[in-house]
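Q: Okay, structure incoming, though there's no sequence with it:
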């Protein structure tokens, strides 16, 4: 394993502490990733209570199966995000299927379209949250504040060439939200055998 392939020390230590059953480790993990987990779940499900339930499921799964995370496959953050996405999509499909079975509005094809749309949106959110701050700042100014590259450069105190570079790179990263191995999976390795 090369130095670059070695996962961050915090990830390895956290997994070891969880495997030993340290409740404080779960609290630290929750403090670090609860906003990410809840945000992704809410983005997929569009419902606060369902997102709360998925958040509880994710942390319960991590607590019960800490060895399901394989540090060699990538960061703990990505594994937690992937687990969140999978559980949220399962819930969305189950709720949609149950509604269809009760004769609710829509078709199975519309449900799958909704799942794909929510997955792409969640992936885009994850990509933006994971971006380095300079890229995210440039994109936020261009998108939310409707600033062009010249205004973005002035706001950030950088050259116009640097502003264009950041915007281009940020948009290239965002364009990968549609390029998924599984429908809408957050970037990075799979669940490492998590079930």
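A: Yep, it's here. All values derive from a computational prediction rather than experimental measurement.

Q: So, low pLDDT: which residues of the chain?
A: Across the chain, the ranges flagged by pLDDT under 70 are 1-7, 97-106, 108, 179-195.

Q: Do a quick rundown of the strands in this structure.
A: Per DSSP state E, the chain has no strands. Nothing in it meets that criterion.

Q: The lengthiest helix in the chain - contacts with which helices or strands?
A: In the chain, assigned by DSSP state H, the helix with the most residues is helix 76-101. In terms of contacts (3 or more C-beta pairs under 8 Å, 6 or more residues apart in numbering; DSSP states H and E), helix 76-101 is packed against helix 9-19, helix 23-45, helix 48-64, helix 108-130. Where you see a C-beta, it was placed from the backbone N, CA and C, and this is true even at glycine.

Q: what would those look like in CSV with distance to residue 176?
A: Output for those, formatted as CSV (distance: least, C-beta to C-beta, whole Å):
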stretch, distance to residue 176
helix 9-19, 23
helix 23-45, 16
helix 48-64, 23
helix 108-130, 7
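
Q: can you redo the ones you listed as CSV with mean neighbour count and distance to residue 158?
A: Converted to CSV, these look like this (neighbours: other C-beta atoms under 10 Å; distance: least, C-beta to C-beta, whole Å):
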stretch, mean neighbour count, distance to residue 158
helix 9-19, 16, 31
helix 23-45, 18, 28
helix 48-64, 17, 36
helix 108-130, 17, 19
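
Q: Any idea which of those gets closest to residue 72?
A: Evaluated over the helices and strands packed on helix 76-101, closeness to residue 72 peaks at helix 9-19, with 10.1 Å, by C-beta to C-beta.

Q: and the closest one, how far from the chain's centre?
A: 20 Å (C-alpha atoms, centre = their mean, to the nearest Å).

Q: So which other helices or strands are in contact with that helix?
A: helix 23-45, helix 76-101.

Q: what residues does the first one touch?
A: So that's helix 23-45. Residues outside helix 23-45 that contact it (C-beta atoms under 8 Å, 6 or more residues apart in numbering) are 14, 17-18, 48, 50-52, 54-55, 58-59, 62-63, 76-77, 80-81, 84-85, 87-89, 91-92, 118-119, 121-122, 125-126, 129, 184, 186.
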